[in-house]
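Trainee: Whatever this is, show me its structure:
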Amino acid sequence: MRQACLLFVFSLSCAILAHAATPPFPAPPTFSQLPLRDSQELGTDDDGSLRWIGSRLLRTPPSDLPKACSALETNVASWNPANGKTSEIPLGFPIGSFVYQQLPLAAGTFALLLDTCQSDLKKWRFIWVPRDERSGPPLMLETKEEMDGFYLRFLQLGEDAAALVTRENSGSNIRVYVIRREGGQLKQENMPQLDIPTRRDFATALTNKGQLWILGGSNSKYRGCDECRSETHILDLQSKKWRNGPPMLEARSELAASALPDGSILVTGGWTKAAGWGEGPSRTAERWNPQSNRFEALPPMPIGHALHRHMWWNAPWGKTLLVGVGTTGAVDAYDPSTNSWRNVGSWPSGSEEGGCALYPFVVDGTAYAWLWNRSEGYYSSKSCERPELSKLSLMRAPYQGSQAPRPSSESLRSIFRKGAATVAARGAAPAMLIGGVQHAGMNNYPPSAAVEAVTLDGRVSSMPTLRIPRERAHAFRLGDGVLVLGGVGPKQNDESQRPAAEWLPSMGSPGWQLVDGLTVDSDTALTQLKNGSLLSITADGMVRQLTFTPKVQNLAIEQHTWPAKVRPRNAPGMKVRELDDGRIVVAGGPIVNKNGEEITPKTYEIFDWARKRWSQSSPPTLDSKDALILHDGRVIIWGHRWRGSEATGTYEDKLTLEISSSRGDKWAPLPSTGSKLTLDSNYKVFEQDGELFARGSISDPEAKNNPVALEWFNTVTNQWERLWTGSGYDVWGRTIVRKLAGKNAQSKTVMLQVEGD
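Mentor: Prediction:
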């Protein structure tokens, strides 16, 4: 019989079922058939069904059931996420037991049950349930030990033994129990307690040599790392003695740890001194090396995690170690052989309290996962009793050309990150979504280093992680690879911490390389010229051209400063583009006058190569700092038109657009017929594949949840047509593919980021 993979159900983020994708397979409508507790661990049957020890409330309680008891029947339950089939088989144990924790092994499952019939003293039961009847009958062992019901964690110790880590119920010292199946009975072995008071924010790991580790944590009344520890403690289960282990590189609380197949220990995330409470959890990871008996730094994760766990999963692309979800709405994968990370799953939002459960599964070669979330700000484990807080997501395989499976639903392609840089698809090369911010509970929105590839037919796969997380970066194709510059990094309010440029030499490269000496200010506008070089314009009007020559190990850069300056403008808002005829146009963004004041530009600039100087367009009638430059030289602006003089008049509160001639000497209204968008901070016009699109808030007083729409300007009808509508986090990182009907009944397929280009 094939050994079942072990699923570690770990902390999760917050979403609601109403926003969930329509699955291509049946699903329990309210998940009432999944009576699971927080952090339960499940087994997997050969047909892909999830299997666990559960409790079911009997409709007709036994007549002899004491009044203080709950009419709970312990059973073996299963659910196949692919076809929706469920089953429940009673085990015959005493009525009234509630399942608190379990651990599936190859031959069966250990579980810890609480007898609800005890009103004055908690009574716990260990049980062993074999995988099939050939392995013997179910076994039960009652214990009078007092345990912390809020922290119970099983760790595998061989084929038919487990270690349970908890805390003493009357205090905060750590207790360990070893449960073994010997013949036809269960035996309990008590280990000495660790007399170091601690909260429930430490991590555990058990090596293949019977060494149980306690890592980090604190005894503070508050979350975070003000008093968290870097120390480790090791219990030798053979000698039953504790000893101090080597210190971690960083003090951590709400971290996660697990033993790897080579005997080392992986430690990830949590709150640290460098990533304190309110800033988003830590991205850092480290690994204990058994040979040196020291912790060694690993490359950081794509995004930080806290209140999370590790999970080994038999994915379609091979056995994978997943890390997440915790406070952050993401799942990352770690490859021990290369010490590298990839983001493989995303959900709409995180939760300050973490989450409840994760159920990954495979249907027709495509990997998915159901995520059961906590309700943000609920501050109670009761939110894990609300299984309607679940959402389906695609689990993304590593990029291998165009071999990724195609998800059945468009919504499953969303990465749920705001401000991701986009590189459009070109030929056989897929589009790329780079970085962006992801919700990590309450008001935390840390930047991510995740990168995805998306093909025109909707296949999504994970790419190597950036070295530096960032949002709102610039990204360009450079030969067979991609160059990423600028953006806002982890230290969002520190301009001196500008993230260095990164280069991925090719789509098949194992990782990104830092480009020394190449940083870009946040107020710099960039465009790529036809010869592959970049043109940068800073806020002071300096124009530089950057030429790149790929080398074997690095990227050679030549910088050339143009003799002609352009009028100083501030970004964001400043745009620059090379036209089809080779001219350069700069538009948008506020202009800085001699007094250093920002004013609305009245014109835009055009660079004439023959005279090597900039000229100005004629002024529009709109008052706008927003602009879009089209490939033929026309410029579109959107904003308010004054009613009366600018000094004494008022704005017209309606959507108004103007478009210039290709020479910039004339302006004309651009129709807004058919558009339902309002002119606010969300409104944006962009061009892709020669087509014009707009994104913004919907003008509908009866609409709920601040809906956002994406519209296309149909040049045949001169009207705007709705392509997509959504709200909330659905807008973040949402990719859609649409077929547009053009002139002469011709059609064009475009792939768009809802946030705009």
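Trainee: Residue 342 bridge partners, please.
Mentor: Taking DSSP bridges as the rule, residue 342 bridges to residue 333.
Trainee: what about it, how many residues close to it?
Mentor: 23 (other C-beta atoms under 10 Å). Just so you know, the C-beta spots here come from the backbone N, C-alpha and C atoms, and that holds for glycine as well.
Trainee: Look up how far residue 355 lies from it.
Mentor: 21 Å (C-beta to C-beta, to the nearest Å).
Trainee: just residue 545 next, same as before
Mentor: For residue 545, the distance to residue 355 - C-beta to C-beta - is 49 Å.
Trainee: neighbour count winner among those two?
Mentor: residue 355 (33 against 15).
Trainee: is it true that the more buried one touches residue 374?
Mentor: Yes. The criterion here is C-beta atoms under 8 Å, and residue 355 meets it with residue 374 at 5.1 Å.
Trainee: Tell me what residue 257 is bridged to.
Mentor: Applying DSSP bridges, one finds that residue 257 bridges with residue 267.
Trainee: residues touching it, list them.
Mentor: Neighbour list for residue 257: 203, 204, 205, 213, 215, 265, 266, 267, 268, 310 [criterion: C-beta atoms under 8 Å, 6 or more residues apart in numbering].
Trainee: switch to 7 Å and redo it
Mentor: 203, 204, 205, 213, 215, 265, 266, 267 (C-beta atoms under 7 Å, 6 or more residues apart in numbering).
Trainee: Count the neighbours of the first one for me.
Mentor: This means residue 203. 27.
Trainee: any idea how far the nearest residue to it once chain neighbours are set aside is from residue 636?
Mentor: Distance criterion C-beta to C-beta, 6 or more residues apart in numbering; nearest residue to residue 203, sequence neighbours excluded, is residue 257 at 3.8 Å. Residue 257 sits at a distance of 54 Å from residue 636 (criterion: C-beta to C-beta).
Trainee: cool, residue 262 as well?
Mentor: For residue 262 relative to residue 636 (C-beta to C-beta), the value is 58 Å.
Trainee: more neighbours, these two?
Mentor: The neighbour comparison of residue 262 against residue 636 (other C-beta under 10 Å) goes to residue 636, with 23 against 11.
Trainee: Please state the offset of the one helix or strand the more buried one maps to from the chain centre?
Mentor: Taking DSSP states H and E as the definition, one finds residue 636 inside strand 635-639. Relative to its chain's centre, strand 635-639 lies at 34 Å (C-alpha atoms, centre = their mean, to the nearest Å).
Trainee: What of stretch 318-328?
Mentor: Worked out by C-alpha atoms, centre = their mean, stretch 318-328 lies 10 Å from the chain centre.
Trainee: Stretch 749-757 too?
Mentor: 20 Å.
Trainee: Rounded mean pLDDT for it, please.
Mentor: Average pLDDT, stretch 749-757: 82.
Trainee: pLDDT on stretch 352-366, on average?
Mentor: pLDDT averaged over stretch 352-366 gives 83.
Trainee: cool, stretch 261-277 as well?
Mentor: In this model, stretch 261-277 carries a mean pLDDT of 95.
Trainee: how about it: buried residues?
Mentor: For stretch 261-277, the neighbour count (16 or more other C-beta atoms under 10 Å) marks 264, 265, 266, 267, 268, 269, 270, 271, 272, 275, 277 as buried.
Trainee: Show me the residues you listed that map onto strands.
Mentor: 265, 266, 267, 268 (DSSP state E).
Trainee: any chance of the residues you listed in TSV, with distance to residue 85 too?
Mentor: Listed next are these as TSV, based on distance: C-beta to C-beta, whole Å:
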residue	distance to residue 85
265	38
266	35
267	39
268	35
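Trainee: Can you tell me which of those is closest to residue 516?
Mentor: Nearest to residue 516 out of those is residue 268 (C-beta to C-beta; 28.7 Å).
Trainee: Low-confidence regions, this structure specifically.
Mentor: 1-39, 118-121, 377-383, 385-389, 492-496, 642-653, 700-704, 745, 756-757 (pLDDT under 70).
Trainee: what domains does the record give for it?
Mentor: Following automatic domain parsing, one finds the domains of the chain at 36-159, 682-757.
Trainee: Adding mean neighbour count, write these out as TSV.
Mentor: Output for these, formatted as TSV (neighbours: other C-beta atoms under 10 Å):
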stretch	mean neighbour count
domain 36-159	18
domain 682-757	17
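Trainee: would JSON lines of those domains with distance to residue 515 be doable?
Mentor: Listed next are those as JSON lines, based on distance: least, C-beta to C-beta, whole Å:
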{"stretch": "domain 36-159", "distance to residue 515": "43"}
{"stretch": "domain 682-757", "distance to residue 515": "23"}
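Trainee: what's near enough to touch the one residue sitting closest to the centre of the chain?
Mentor: Nearest to the mean C-alpha position of the chain, by C-alpha atoms, centre = their mean, lies residue 330 at 3.0 Å. Taking C-beta under 7 Å, 6+ apart, we find residue 330 in contact with 303, 324, 343, 345, 346, 438.
Trainee: What about these, which are in strands?
Mentor: 324, 343, 345, 346.
Trainee: Any idea how many residues pack against the first one?
Mentor: What that stands for is residue 324. The tally of other residues near residue 324 (other C-beta under 10 Å) stands at 35.
Trainee: The closest residue to it other than its chain neighbours: what secondary structure?
Mentor: Once flanking residues are discounted, residue 324 sits nearest to residue 331: 3.9 Å by C-beta to C-beta, 6+ apart. At residue 331 the chain is in strand, as set by DSSP: H, G, I helix; E, B strand; the rest coil.
Trainee: does residue 331 really touch residue 344, like I thought?
Mentor: Yes. Counting by C-beta atoms under 7 Å, residue 331 touches residue 344, with 5.6 Å between them.
Trainee: Where do the strands of the stretch 601-750 of the chain begin and end?
Mentor: 605-608, 613-616, 627-629, 635-639, 642-643, 650-651, 656-660, 667-670, 684-688, 691-697, 708-714, 719-726, 735-741, 747-753 (DSSP state E, counting those that start in this stretch).
Trainee: Nice, that's everything, thank you.
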